[in-house]
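Enquirer: Need a 3D model of the sequence below.
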Amino acid sequence: MDGTPLPSLTCSPSPTAYPSSTPLEILPVPYRNPNNAQLAWIQFGGDVSHRKPGVLVIHGSGWNGGSAQDHVGQTREIANAGFFAATVWYELAPNEDTAKGYIPGQPCHELDGTTPGWRMNLEVNDIKNAVKAMRADPRCNGWVAVVGGSAGATHAITVALDTNPTPGDLWPHWFQGGHDDRPDCAVMLSAIYDFSDWTPDTGQTETDPDFVHPVNNYAQTLDLTTLAGLPLNPVNLVPGAIAHGFKPIYMINSYGDHPSAYHQLVTMVCLLQNSGRTRGIDYDYLTIPGSLHSFHYWGSWDHISDPPHTVGDDVIGFLKIHAVGLP
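Expert: Just a heads-up that it's a prediction; the model follows:
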């Protein structure tokens, strides 16, 4: 344990209802979670008469907070570039206020046991389901990308790499029946790529507690050996992704990123290089000065373009390069 008290084990989720905004949609019946968590997104650009490539935007906030509403602006920007874009809600790990962040119908994850990685499965399954729902949506042309920030970036890289079928006939039926359900490309803003990499932030001598506590709450362990071996630890998914055909990813961090230490990016880049992946084809990355984190640097200058482009411009440019069927 990291010494920080976790939320109480007594739980009566009473989350705030979803906002009644026009672009908000509850996912259709075939993509509803059997545990009754009400999965939804806020969409822009959807038009059944003009099918477009789809982009899912995944919010962050430590796996136990945040909302799809946090990134309506970025989602609208992506839609304005010609995509069918949606910012998505998903179940969350325990937090100090069960009414804050939990989505309608979500079971009480304070009571979901202590098995390391169990909560990871719950959240990642929601994102896998959203990828499948977007690909099947009549407004989407079948091409789907994911863009995530912080915890959402970790979800994005996980679903981008995971080729392990859901056991048996269980929901969300990922990678079953010969179907490659992975998104066609992925963008990560300040992801965790290796839960066992506790290299301190640049200029620090100790691991940031703002990294340690959320990992403990989400992964349900702080044992480094256990963390390293978790099936959904992203670095463990690279060999399978290569075996099934590696799909392009774009990784972004700031040098002083907090709490997703810059070394997380270094770890994944080195792994990809050592695995024979090629920068500019299989993957690319961007590091920017300063210590901004996740979507906070979306509107910042990328420090590599002239005339200046923002990080958001770079993300949308990457999506356009790889998208199929843009108008």
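
Enquirer: C-alpha coordinates for the longest strand seen in the chain, PDB please?
Expert: Secondary structure of the chain per DSSP state E: the longest strand is strand 140-149. Taking C-alpha atoms only, strand 140-149 is exported to PDB below (Å, rounded to 0.1, in the frame of the first residue of the first chain):
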ATOM      1  CA  CYS A 140     -19.100   5.400 -39.400                       C
ATOM      2  CA  ASN A 141     -17.500   3.900 -42.500                       C
ATOM      3  CA  GLY A 142     -15.800   1.100 -40.400                       C
ATOM      4  CA  TRP A 143     -12.500   2.900 -39.800                       C
ATOM      5  CA  VAL A 144     -12.000   3.800 -36.100                       C
ATOM      6  CA  ALA A 145      -9.300   5.600 -34.200                       C
ATOM      7  CA  VAL A 146      -8.900   6.300 -30.500                       C
ATOM      8  CA  VAL A 147      -7.500   9.500 -28.900                       C
ATOM      9  CA  GLY A 148      -6.900   9.400 -25.100                       C
ATOM     10  CA  GLY A 149      -5.400  11.600 -22.500                       C
END
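
Enquirer: Pull out the buried residues from that strand.
Expert: 140, 141, 143, 144, 145, 146, 147, 148, 149 (16 or more other Cβ atoms under 10 Å). (C-beta placed from N, C-alpha, C; glycine too.)

Enquirer: Off-centre distance for the helix or strand just after that strand?
Expert: For strand 140-149, the following helix or strand on the C-terminal side (DSSP states H and E) is helix 151-161. Centroid separation between helix 151-161 and its chain, computed with Cα atoms, centre = their mean, to the nearest Å, is 4 Å.

Enquirer: got the angle for helix 151-161 vs strand 140-149?
Expert: 130 degrees (axes from the mean of the first three to the mean of the last three Cα atoms, to 10 degrees).

Enquirer: by contact count, what packs against helix 151-161?
Expert: strand 52-58, helix 118-136, strand 140-149, strand 185-189, helix 238-243, strand 249-254 (3 or more Cβ pairs under 8 Å, 6 or more residues apart in numbering; DSSP states H and E).

Enquirer: What lies in contact with the fourth one?
Expert: Meaning strand 185-189. Strand 185-189 has contacts (Cβ atoms under 8 Å, 6 or more residues apart in numbering) with 145-150, 153-154, 156-157, 159-160, 247-253, 294-295, 297-298, 311, 315, 318-319, 322.

Enquirer: pull the CA atoms of it into CSV?
Expert: Provided in CSV are the C-alpha atoms of strand 185-189 (Å, rounded to 0.1, in the frame of the first residue of the first chain):
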residue,chain,number,x,y,z
CYS,A,185,-4.8,3.8,-35.2
ALA,A,186,-4.3,5.4,-31.8
VAL,A,187,-3.1,8.6,-30.3
MET,A,188,-1.9,8.8,-26.6
LEU,A,189,-1.4,12.1,-24.7
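
Enquirer: Next SSE downstream of the lowest-mean-pLDDT helix or strand in the chain?
Expert: When the helices and strands of the chain are scored by mean pLDDT, DSSP states H and E, helix 209-219 comes last with a mean of 91. Following helix 209-219 in sequence order, the next helix or strand is helix 224-229 (DSSP H and E).

Enquirer: Buried residues of that following helix, list them for me.
Expert: Buried residues in helix 224-229 (16+ other Cβ under 10 Å): 226, 227.

Enquirer: was I right about residue 78 contacting residue 84?
Expert: No: using Cβ atoms under 8 Å, residue 78 is not in contact with residue 84; the gap is 9.3 Å.

Enquirer: Is the residue nearest to residue 165 when sequence neighbours are not counted in a helix, a strand, or coil?
Expert: Excluding the flanking residues, the one nearest residue 165 by Cβ to Cβ, 6 or more residues apart in numbering is residue 175, at 4.3 Å. In three-state terms, and counting by DSSP: H, G, I helix; E, B strand; the rest coil, residue 175 is coil.

Enquirer: My guess is residue 175 contacts residue 164. True?
Expert: Yes: taking contacts as Cβ under 8 Å, residue 175 lies within contact range of residue 164: 6.6 Å.

Enquirer: who's more crowded, these two?
Expert: residue 175 (18 against 13; other Cβ atoms under 10 Å).

Enquirer: Count the neighbours of the closest residue in space to residue 229 that isn't next to it in sequence for me.
Expert: In this structure, residue 229 finds its nearest non-sequential neighbour in residue 236, 7.4 Å apart by Cβ to Cβ, 6+ apart. Neighbour count for residue 236, taken as other Cβ under 10 Å: 17.

Enquirer: Same question for residue 278.
Expert: With other Cβ under 10 Å as criterion, residue 278 counts 11.

Enquirer: Next, find the distance separating it from residue 269.
Expert: 12 Å (Cβ to Cβ, to the nearest Å).
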